[in-house]
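Visitor: Can you look at this prediction? I've put the sequence above it.
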Amino acid sequence: MVMRLLSPASNVPPALTALLEHLGEPAILVTGRDRCVVAGNLEASRQSGYAREGLRRLGWEQLFPEISWEMLIELEGREIVTFLQRRDGSSRQVSCEATRLGEKGELWLVTFAPPPRPGEKTEPKESVLERIIRQSVEGLEAENPSAMLERLLMEIIRIVGASWGALYLLETPAYRLRSKVGAAPDLPLILPLQDSEHFKTPHRFSPADVAKTALHAVVRTAEAPYIVAAPLGEGQALEGFVVFGYVQQPPAEMLPRAAILARGLRQVMLCRLHGRRAQEEELRARQVLGLTRVLLQHAYEGVLIFDENLRLRVLSHAAEALLGYEQQESMGAAFTDLLVGEVTLETAARHALALNQPQAVGAHLLRRDGSEFPVEVRLVPCVPDGDDRPQGLVVLLQDLSTEERYRLQTQRLMWRAMLGDVLASFAHEVRDPLNSISTGLEWLAFSLPEEAPEHQTVAALQQDVERLNHLVKHLLEYSRTRTLHLKPLDVGVLIEGILRRWERRFKRYHIETTFYVAEDVPQALGDRLSLEQVFVNLLDNAIKAVKEQSGERFVGIKVSRTTSENGVEWVEVAVTDNGPGFSDEVARHIFEPFYTTRKDGFGLGLSITKQLVTAHRGSIEAFSYPGGGTVFRVRLRAVEKG
């Protein structure tokens, strides 16, 4: 609805009368000439006990006998506590506020409500005039913005009793005249940005004042040369301003009223602007959605989109083919359940979200069927426009299987060729002499008297020979081709047997051990001899990590069952120690062959362990805590039921 202000007081515009119903509190319209009530809303009728027709015949003093009309208008815009005289003779304490709607005071809007209780917190009230401006345009249809501004500006100049009005809005790099109504002069179409200094606060201008802008210079010679100007909004970023022209000098109270109306005008414009932006955003969102579907359907790289909690939201066709999962069954799956490999990608993903920076990682991932494939993984935070915080993560998978297969085949052939020649020569030239040396040292130790000092030298030589034999064994183990015989087996029973055999070794180094097997652990599909070597290597590593340290020495083994969200069951074995741990640099290379941090190590034990676990279509991860302690976590496929 659009208000028609103001006609003579005796002829109240119907639109204004209807507007009273939307104020949300008791309200009446009173004429300033004879101080009679000419209209009231339903709430005013309920509070006073008068019917609406009865209200319209009352004088001011019949409703509010304890406050004079002169005092009320003198305190315009302020809340006054007084008493409401009801129809039944009773009285009720209320808080009154009066607002003049016309320049000459022909019509007044009076609102009243029970005053707040002592100590009760009250929210800042919306100004009556702001409420009028906001609600007066609620019925406007979504018409042309320029026409809407013109109609709204016309209503405002009627309220302030001006001859003309104009609206300037910021359109970088200047302020542009967007609308003018009434008998407005030929105003400048554009004002420079530096003129904002003169419009940041409400002000009045008369022909006798110095013209500080082109706008002031034009209006001083117009038929209505007096102006009141008020800004739209506050602060340094001035969005625009509204100007009202008068034939005569306007009263001082018109300045705050114009400021209130300007704020109301800004609210209406923002509401309309948000509506148009919402429609544009919806259209753009549909276009982006269509483009996204095409890209996800035809992209060569695998694309996975996760939310900020690393839960899957989108899986492209290429990613489905790479990983073996389908979009429908994977929705909401955790990051770690889909991207499984020898490298923990979750840490890199959380770094990408925390730092808001893309990350690139080379890794080997496991498909749903357990087969391994190499990929280049790019982790890109998804940041919406106008925000600085990632709302999700886009994961791009580039399959390197072909390149990696050729590289691994070439490398394997080279290694096998080299190791084959070396090991053949080793077997012929070294192993037999090592056996002879070992036998000779045993005979020499047996022949020497018990107190002979040469026993120390012989013992050192025997250790060196044992170390060489150990190296030969590891080289042969690493280079040979394995044939696994996979059968269902109880991993808990397998590890329990190893611990029983190693009981004396744990006691020798005063190491406390714990062993826990959950009740619901299924059997795993594995090769007994190979898995025994895996856990022997991990326990040996744990013992070496803690045996030299002072204080408590601890090694723990836990066997449990875990199920990913896509329904795949795993048997998980965690081998934990309280040793010194390792650095991030070591973590990046810990499973690489010939990489070691020990002076007496060869760097093949964990590499062989990883080979064996990967051959079982499982995974192995290593974690180290800042304060010390290490966990090796092995996952093996559980035997499917049925």
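Guide: Here it is on my side, so go on. Numbering: from 1, shown residues only.
Visitor: which residues in the stretch 501-642 of the chain form helices?
Guide: 503-508, 528-546, 584-589, 605-615 (DSSP state H, counting those that start in this stretch).
Visitor: I'd like the next helix or strand past the helix or strand of the chain with the lowest mean pLDDT.
Guide: Taking mean pLDDT, DSSP states H and E as the measure, helix 128-136 is the helix or strand of the chain with the lowest mean score, a mean of 51. Next along the chain after helix 128-136, taking DSSP states H and E as the criterion, comes helix 145-160.
Visitor: Pull out the buried residues from the helix or strand just after that following helix.
Guide: Using DSSP H and E, the next helix or strand after helix 145-160 towards the C-terminus is strand 164-171. Residues of strand 164-171 classed as buried: 164-170 (neighbour count, 16 or more other Cβ atoms under 10 Å). All C-beta atoms are positioned from the backbone trio N, CA, C, and that covers glycine.
Visitor: can you check stretch 388-398 too?
Guide: Residues 390, 392-398 are the ones in stretch 388-398 that count as buried (16+ other Cβ under 10 Å).
Visitor: Now, those residues that are in strands?
Guide: 392-398 (DSSP state E).
Visitor: Which of those lies at the shortest distance from T31?
Guide: G392 (61.7 Å; Cβ to Cβ).
Visitor: Go ahead and confirm that closest one touches C382.
Guide: Yes. Counting by Cβ atoms under 8 Å, C382 is a contact partner of G392 at 4.1 Å.
Visitor: Would you mind listing the residues touching both of those two?
Guide: Common neighbours of G392 and C382, counting by Cβ atoms under 8 Å, 6 or more residues apart in numbering, are I305.
Visitor: Would you agree L379 falls within a strand?
Guide: Yes. Assigned with DSSP: H, G, I helix; E, B strand; the rest coil, L379 falls within a strand.
Visitor: With distance to G492 added, can I get the helices of the stretch 501-642 of the chain in a markdown table?
Guide: Shown next, in a markdown table, are these (distance: least, Cβ to Cβ, whole Å):
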| stretch | distance to G492 |
| --- | --- |
| helix 503-508 | 17 |
| helix 528-546 | 11 |
| helix 584-589 | 28 |
| helix 605-615 | 17 |
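Visitor: Now tell me which of those helices the model trusts least on average.
Guide: Ranked by mean pLDDT, these end with helix 584-589 at the bottom, a mean of 80.
Visitor: Pull out the buried positions in it.
Guide: Using 16+ other Cβ under 10 Å as the test for burial, helix 584-589 gives A587.
Visitor: How far does that helix sit from its chain's centre?
Guide: Between the centre of helix 584-589 and the centre of its host chain there is 30 Å, according to Cα atoms, centre = their mean, to the nearest Å.
Visitor: returning to that earlier point: need the ones in strands among the buried residues of stretch 388-398 in TSV (columns: pLDDT).
Guide: Below are those laid out as TSV (pLDDT from 0 to 100):
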residue	pLDDT
G392	87
L393	89
V394	89
V395	89
L396	89
L397	89
Q398	85
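Visitor: can you list those in a markdown table and add distance to R286?
Guide: Converted to a markdown table, those look like this (distance: Cβ to Cβ, whole Å):
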| residue | distance to R286 |
| --- | --- |
| G392 | 19 |
| L393 | 24 |
| V394 | 20 |
| V395 | 25 |
| L396 | 25 |
| L397 | 28 |
| Q398 | 30 |
